[in-house]
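**Student:** when you get a sec, could you give me coordinates for this:
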Amino acid sequence: MNTLEVVILAAGKGTRMYSDTPKVLHKIGGKALIAHVIQSAQDIDARAIHVVVGFGGEQVKQQIHGDNIKWAVQAEQLGTGHAVAQALPQIDQESIVLVLYGDVPLIRHETLRELVKSCNADSLALLTVNSSNPSGLGRIIRNDQQQAVAIVEEKDASSSQKQIKETNSGILAAPAKRLAQWLTALSPKNAQGEYYLTDIIAMAVEDNCTVETLTLDDELEVLGVNNKVQLAQLERHYQRRKSAELLRSGVTLFDPSRIDIRGHLECGKDVEIDINTIFEGTVSLGNNVRIGPNVVIKDSVIGDNTQVFANSHIEESTVANSCSIGPFARLRAGTHLNNSSKIGNFVETKKANIGKGSKVNHLSYVGDAIVGENVNIGAGTIFCNYDGVNKFQTRVHDSVFIGSNSALVAPVQIGKGASIGAGSTVTKDVGENELAVARARQRNIDGWKRPEKK
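**Tutor:** I've put the predicted structure just below:
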């Protein structure tokens, strides 16, 4: 097989998005539209990926990276044929060229691989789709032998041609040497006054180059995003795909339509995921994990037999086996929970290593801390780690008991087996097995009367 090179057209302004962000940088599944297309191209082992940019090109370049990505600029928007021509000087003339679109994000690499198989030095491969509503799309014209011989754009189509349901996806593969010849011969003599890439189909037929077609029934796989309605439509389609993949792998989804995967989610066996859950970045769930409703997990690892209760947020954290989190817990970046530890309701952690079997049950903040094993941290406890300029660490050793409403002012160490009396503000180290009580003495005033409103 010839070397494969991919051209991705991404020069459009996307005026109907009503946004300062270039259209191809709008996101589906947490990833830019064009990043999805590039991933599909990489998955079929393209030697080079040529991205043709125009409006907002510098923004696109800043956000899209890859060793095999090359850039071309279409300064004037003169049509798809003109856009492809801008990349040709960088392309090996002995290669196969696959043309994709930066705003068609859901094209599957399996489809592209099948399409490219049909292309060689003497054949062009065209991806078509059976459209339920072909309005606005180019129609596939076939001869009496049902061979594709041309594409007619909507504005140039006759009334009978407009009845055709098979439409052009815009995606095609062609031999580079012939493609260069056809692009040179393009003319803007049409209703749009543009150089149509679609005109090369008729040229291929005239040059006795076979036009092979691969036809899809899934219109959304090749739907381009032109406005926020279509963006939302494809987001749901993408999420349905992801949900189906999870279900096929054995994951239990309480409602497949109410889960959002904005990155990569890996699940072990017997995982259960409740409604309105969001997974961002790279997330790994171990075996027998239970995720409650309204949970957000980003770039984190959750170990076997762990349960995350409702409304909890976990970000850039590592959770070991048999842990319990939430409800309404927040694990911020740098949190590490060891086996069988517990983070309860309305608890926030940050850069905290919580030891095996330790518990922070409710209404507490643990930041910049190393907490040993079998530690109990009472309600309302605050690890005071910030003096307004610098952060300091607190070290709590094994089997410590911290009473409710305590404040540990870092840097401070609490020795093994020590106890902190409720309501204490601890500013000095506490030794092993010591009891620290740091609070004002209670005084009861007899005969005191409350103030009265005058």
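**Student:** now do the least confident helix or strand in the chain by mean pLDDT: distance to the chain's middle.
**Tutor:** Lowest mean confidence among the helices and strands of the chain (mean pLDDT, DSSP states H and E): strand 148-152, at a mean of 91. Remark: strand 148-152 is offset 37 Å from the chain centroid, using C-alpha atoms, centre = their mean, to the nearest Å.
**Student:** stretch 445-454 too?
**Tutor:** For stretch 445-454, the distance to the chain centre is 61 Å (C-alpha atoms, centre = their mean).
**Student:** so where is this structure shaky, pLDDT-wise?
**Tutor:** 1 (pLDDT under 70).
**Student:** enumerate every residue touching the residue lying closest to K359 once chain neighbours are set aside.
**Tutor:** Closest residue to K359 apart from its sequence neighbours, by C-beta to C-beta, 6 or more residues apart in numbering: K342 at 4.4 Å. All C-beta atoms are positioned from the backbone trio N, CA, C, and that covers glycine. Listed by C-beta atoms under 8 Å, 6 or more residues apart in numbering, the contact partners of K342 are C323, S324, I325, S358, K359, V360, N361.
**Student:** at 10 Å what do you get?
**Tutor:** Counting by C-beta atoms under 10 Å, 6 or more residues apart in numbering, K342 makes contact with 307, 322-326, 329, 354, 357-361, 376-377.
**Student:** tell me the one of the residues you listed nearest Q393?
**Tutor:** Checking these against Q393 by C-beta to C-beta gives I354 as the nearest, at 13.9 Å.
**Student:** beta partners for the closest one?
**Tutor:** Using DSSP bridges, the beta-bridge partners of I354 come out as L337, V371.
**Student:** go on, the one 5 residues further on?
**Tutor:** Using DSSP bridges, the beta-bridge partners of K359 come out as K342, N376.
**Student:** can you give me the neighbour number for it?
**Tutor:** 19 (other C-beta atoms under 10 Å).
**Student:** isn't it right next to I325, touching?
**Tutor:** No. The pair K359 / I325 is not scored as a contact, 11.6 Å apart, by C-beta atoms under 10 Å.
**Student:** now for those two: what residues contact both?
**Tutor:** S341, K342, I343, G344, V347.
**Student:** scan those and report the most crowded one.
**Tutor:** Ranking these using other C-beta under 10 Å puts I343 first, with 32 neighbours.
**Student:** could you pull up the contacting residues of that residue?
**Tutor:** Residues in contact with I343 (C-beta under 10 Å, 6+ apart) are 308-309, 312, 314, 317, 319, 323-326, 329-331, 335, 337, 349, 352, 354, 358-362, 364, 366, 377.
**Student:** do you know how far it is from Y386?
**Tutor:** 21 Å (C-beta to C-beta, to the nearest Å).
**Student:** what does T425 give?
**Tutor:** According to C-beta to C-beta, T425 and Y386 sit 15 Å apart.
**Student:** what about the two, which has more around it?
**Tutor:** Neighbours per residue, other C-beta under 10 Å: of T425 and Y386, the larger number sits with T425, 16 against 12.
**Student:** was I right about the more buried one contacting T381?
**Tutor:** No. Judged on C-beta under 10 Å, T425 makes no contact with T381 at a distance of 11.0 Å.
**Student:** okay then, goodbye and thanks.
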